[in-house]
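J.: Got a sequence here, can you build the structure:
(2 chains)
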Amino acid sequence: MSWIRWPGRTKLFSDYFEITDLGRLNYTDCHKLFIGMKTKHRNRLFLKVFALFGFFVMMIVLFIGYMVIPLQKKSLQEIMYAQAVSVSRSIIQASSDAMINRDFGFIVEHNLQVLKNNHSIRYILISPIRGKRIFIKPASWEVYETPNQFLDDLQKDQDQLLFLEDQLIADRVYHFVYPINFSGIEWGWIHIGFSTEKYDYYVKEINGQIAYIIAVSLSLILFLGFFFARWITRPLLNLSDMATQVASGNLEVSATLSRNDEIGDLFLNFNQMVSALKHSRLQQENYKQHLELEVRRRTKELDELNKNLDQRVKLEVLRRREQEQMLVHQSRLAAIGEMVGAIAHQWRQPLNALGLVLQNMQLTHQQGRLDEAAIRRSIDKSGRLINKMSSTIDDFRDFFKPKKNLEFFSPYLSIESVMELLAATLKNRGIKVEIIGDKQTEVYGYKGEFSQVILNIISNAIDSLLENQPDNPLILIVIKESQGKVLIDISDNGGGVKEQNLHKIFDPYFTTKSSSEGLGIGLYMSKMIIEKSMHGKLYAKNYDKGVTFTIELSISPDLQKNK
Amino acid sequence: MEQNRRINESFSYLTMLLMIFFLSIAKAGNNGKIVFVQDGIGELQKSEKQIAINFWDDYFNKRTKNYSVSSSVTSIDKFMKHLDGGKIDYVLLDGSNYIQYYHRLEPNLTDEAWLVQRTEHSFEEFVLLVRQETNIDHFRQLRNTVFSLHSGYGLLRLYLEQLVLKTSNMSITDYFKEIRDAKTESQAILDVYFSNSDACVVAKHVFDDAIELNPAIKEKIKIIQRTERIYAPAIYLALNGVSKQGQQNFSRGVDMLNNTIRGRQILDLFGIHIIKRIDPKKLQPMLQQNIAWRKY
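T.: Residues are numbered from 1 along each chain as shown, chains lettered A, B, ... in the order given. Predicted coordinates for the structure are as follows:
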């Protein structure tokens, strides 16, 4: 890091450049100009415009200079060429007799005089086709005794003008070669070396003028460019400042520039924008106040609500629990209802049989044939019938006293038990039941609740079959193991569930039956039991002839825990 | 004796200049005395002389308009008429005419003479030049050769005639096969150098200047004869009747020519080194050498 001292301030540039009191400047600062002044970062636009303006003007000037200088040089060369031709012709004309007569003395003398009178000519070389070359300079002359390939190469049919340096003389000259012809007969050539002093002087003049123009242009660029860039960027900088103030929250700013161009329009629009912003803010403030009031009110309500929330939550929980219990109770009652119906079905046949036994005893007595053997037979048969009815009660009672312990049980055997309970109903309805599976397959869960689920699903299947009256009503139960789970598919061919109801069948209180036929909580409870209590899955899916209810249960308690 | 009808052109113009000056500083109403001019060494083009005269005229005669210029004359008779009429204060003659008309002039001459010098030496020597490759060592061997001569310098011709007469009783045109007229003395040398002629006679300093321009000339050309340094290219002679004022004016005019920048430029134009006053007696050797060529 290097520092220079630049004492004092410059007010004119203070808007754009920052110079400290002590004038110490940092060259490594990326905002520094080439003279080391530190610019305010916000004035990059000014510098860009200034630099761009200056760059383009300078490019134009340099381009013009680049084009002009060669043209000028060419013009000078053409002038020199014309002069060279004129001088050559005049020399040849004056010396023509001497050349034809090969009076070289006259030629030398004449050309010495020419050189004496024309300081711009550095030498004249007479080169006859036959004979030796004579090289004449202002203060000497000589005869070239030996051939000179360089000069030979210059001597062509056409005249030519070229720059030579340190060839014939130790200096730079404009060498002109002119063929000498007399009446179409070639005599030789005349070489004239012209001083480039004037040419160099004029070129230097041109370069100087171009440099002067460039310097003036640069000064003008600096001067005009500064004010031009300032004229362009100052309003924008002011606008930028005002925008910054607006951004910081001050909406009392107003752009005062009055110009009849796009920048003027910009200022106008800015003012309009600020005005709109102010109006919007006012509206926002009002709305905010209104919102605050509303929030306060709602907050108050919320506070009130919060105060009773716990209590209300508790009450709600109790209510829900009661509801659930009621659902469970209702479900149980429904199940009981089902069971009672099943019991009635089961008992009808034995009761009829008992009636027949009594009727038979009466008849036999009337006929006088009622003896002890007949009475014993009747008693045995009645006993069997009563036992069967009693076992049915036990079965039902067991069914409604579910064990609350998790245990391993065979779903096959559980399903069989339920089927026995519903045997009479199924037979009476002509519904066939098939159970396919391994009796050894066991699951882990609540056996009794599982039986309730099966009962519910089977009951629904029976209802569906009764409603739709398929040709061969069938309930197919398939038990299979898969990836550590037991899948129990219960399918009926009762036509299936309507698609629009399929996703609702597990909702509580959803039913397609009349209110006297059911409450719609059976499947809901079944899903709760399988999924919540036994951590399994229960879902239904239609197939072409009916619906399949699938129960997924884990084989082992570990799998259940992992769930 | 052949009359030298060639007039020293440059000196005549110089005379005209001096005359202009002389007359320009004359008092108002005094037209002054006409100085007779003659043709002389034709080194320069007429246009350049005219420019010099115009310049001199413009430079020195702004103060007065009271002058008149006489034109040059070529005939000796006219000259003598003017001489006899006493209308001449100064006369400029080239060396050959001085020699030829000395006896006629002598009664009119004063002890004032001004020598026109082309070099730092008062007098010139002449050299006879031939090519080195030739076997010519003596003038006699130049019989029936081609000789280059600058006829504008009368003394050279006079000298040549003298040489010819010494060896034969012939004119120079008869003696030589051809006399080539060289426009300048240096061209005469070049004629010999380029074998366009066999010999030439020039002033020694001209030969030295030619060698300076091209040292090869010395390799190729040799001097077979040379004179003593006695020849004066041109002389200003004050004639009887010149006034003191006239002498002073002339002297001042010469001084201005010799010592002012413009004057020197004009002298350079004519190839003149200086105009210096001499004792007329110093012209005697030239006269003695050519005594046979006096016209009278």
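J.: Alpha carbons of the host helix or strand of residue A:476, as CSV, please.
T.: Using DSSP states H and E, residue A:476 sits within strand A:474-482. What follows is strand A:474-482 as a C-alpha-only set of coordinates in CSV (Å, rounded to 0.1, in the frame of the first residue of the first chain):
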residue,chain,number,x,y,z
LEU,A,474,-70.9,-68.6,-0.6
ILE,A,475,-68.6,-67.3,2.1
LEU,A,476,-65.0,-68.2,1.5
ILE,A,477,-62.5,-67.7,4.3
VAL,A,478,-58.8,-68.1,3.4
ILE,A,479,-56.1,-68.0,6.0
LYS,A,480,-52.5,-67.7,4.8
GLU,A,481,-49.1,-66.6,6.1
SER,A,482,-47.0,-64.0,4.3
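J.: what's the burial count for residue 237?
T.: Using chain A. Each residue near residue A:237 was counted by other C-beta atoms under 10 Å in any protein chain shown, and the total is 18. To be clear about C-beta, it is placed using only N, CA and C from the backbone, and glycine gets the same treatment.
J.: The chain in question should be chain B.
T.: 21.
J.: how about the residues of chain A near chain B?
T.: A:102-106, A:108-109, A:112, A:139-143 (C-beta under 8 Å from any C-beta of the partner chain).
J.: The strand holding residue A:476: partners in the sheet, and parallel or antiparallel?
T.: Applying DSSP bridges, strand A:474-482 is found paired with strand A:432-436 (parallel), strand A:485-492 (antiparallel).
J.: Generate JSON lines for those, with mean pLDDT as supplementary columns.
T.: Converted to JSON lines, the strands paired with strand A:474-482 look like this (pLDDT from 0 to 100):
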{"stretch": "strand A:432-436", "mean pLDDT": "94"}
{"stretch": "strand A:485-492", "mean pLDDT": "94"}
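J.: Just say which of these is most tucked in.
T.: strand A:485-492 (a mean of 22; mean count of other C-beta atoms under 10 Å in any protein chain shown).
J.: which SS class is residue A:229?
T.: helix (DSSP: H, G, I helix; E, B strand; the rest coil).
J.: Could you measure from it over to residue A:48?
T.: Residue A:229 is 8 Å from residue A:48, where distance means C-beta to C-beta, to the nearest Å.
J.: what about those two, which has more around it?
T.: Using other C-beta under 10 Å as the criterion, residue A:229 and residue A:48 rank with residue A:229 on top: 22 against 12.
J.: my read: the more buried one touches residue A:44, true?
T.: No: counting by C-beta atoms under 8 Å, residue A:44 is not a contact partner of residue A:229; they are 11.3 Å apart.
J.: what comes up buried for the biggest strand by length in chain B?
T.: Counting by DSSP state E, the longest strand found in chain B is strand B:109-117. Buried residues in strand B:109-117, defined by neighbour count with 16 or more other C-beta atoms under 10 Å in any protein chain shown: B:112, B:113, B:114, B:115, B:116, B:117.
J.: Which residues does the fifth one form beta bridges with?
T.: Here residue B:116 sits in beta bridges with residue B:234, residue B:275, as judged by DSSP bridges.
J.: In contact with it, which residues are there?
T.: By C-beta atoms under 8 Å, 6 or more residues apart in numbering or on different chains, the contact list for residue B:116 reads B:11, B:14, B:92, B:232, B:233, B:234, B:235, B:236, B:272, B:275.
J.: Quick check: the two most widely separated of the residues you listed?
T.: B:14 and B:232 (14.4 Å; C-beta to C-beta).
J.: Out of these two, name the residue with the larger neighbour count.
T.: residue B:14 (28 against 24).
J.: Go ahead and confirm residue B:272 touches residue B:119.
T.: No: if you go by C-beta under 8 Å, residue B:272 and residue B:119 don't touch, sitting 9.9 Å apart.
J.: ok, these two, which is more surrounded?
T.: residue B:272 (23 against 19).
J.: Now the more buried one: closest residue in space, sequence neighbours ignored.
T.: residue B:116 (5.8 Å; C-beta to C-beta, 6 or more residues apart in numbering or on different chains).
J.: roughly how far apart are that neighbour and chain A?
T.: 21 Å (C-beta to the nearest C-beta, to the nearest Å).
J.: Retrieve the pLDDT associated with that residue.
T.: What the model reports for residue B:116 is a pLDDT of 89.
J.: mind checking how far it is from residue B:187?
T.: The value you get for residue B:116 to residue B:187, if C-beta to C-beta is used, is 22 Å.
J.: again, but for residue A:411
T.: 150 Å.
J.: Most proximal residue of the stretch 351-500 of chain A with respect to chain B?
T.: residue A:483 (125.9 Å; C-beta to the nearest C-beta).
J.: Contacts only, for that residue.
T.: Contacts of residue A:483 (C-beta under 8 Å, 6+ apart): none.
J.: sec struct for the residue in the stretch 301-450 of chain A positioned nearest to chain B, please.
T.: Residue nearest to chain B within the stretch 301-450 of chain A: residue A:302 (119.9 Å; C-beta to the nearest C-beta). Following three-state DSSP, the label given to residue A:302 is helix.
J.: I'd like the average pLDDT over stretch A:343-355.
T.: Mean predicted confidence for stretch A:343-355 is 76.
J.: for stretch A:163-176, same thing?
T.: The model assigns stretch A:163-176 a mean pLDDT of 86.
J.: about what we covered before: can I get the buried residues of strand B:109-117 in a markdown table including distance to residue A:284?
T.: Shown next, in a markdown table, are the buried residues of strand B:109-117 (distance: C-beta to C-beta, whole Å):
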| residue | distance to residue A:284 |
| --- | --- |
| B:112 | 125 |
| B:113 | 125 |
| B:114 | 119 |
| B:115 | 120 |
| B:116 | 117 |
| B:117 | 116 |
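J.: just checking, next helix/strand downstream of the strand or helix carrying residue A:364?
T.: If you go by DSSP H and E, residue A:364 is part of helix A:262-366. Counting by DSSP H and E, the next helix or strand C-terminal to helix A:262-366 is helix A:372-399.
J.: Give the partner strands of the helix or strand just after that next one in its sheet and their orientations.
T.: Sequence order places strand A:407-409 as the next helix or strand after helix A:372-399, per DSSP H and E. Using DSSP bridges, the strands paired with strand A:407-409 are strand A:443-445 (antiparallel).
J.: and residue A:122, helix, strand or coil?
T.: strand.
J.: what's the burial count for the closest residue to residue A:126 other than its chain neighbours?
T.: Leaving aside its chain neighbours, residue A:126 sits nearest to residue A:134 (4.6 Å; criterion: C-beta to C-beta, 6+ apart). Residue A:134 has 20 neighbours, counted by other C-beta under 10 Å.
J.: do the same with residue A:286
T.: 10.
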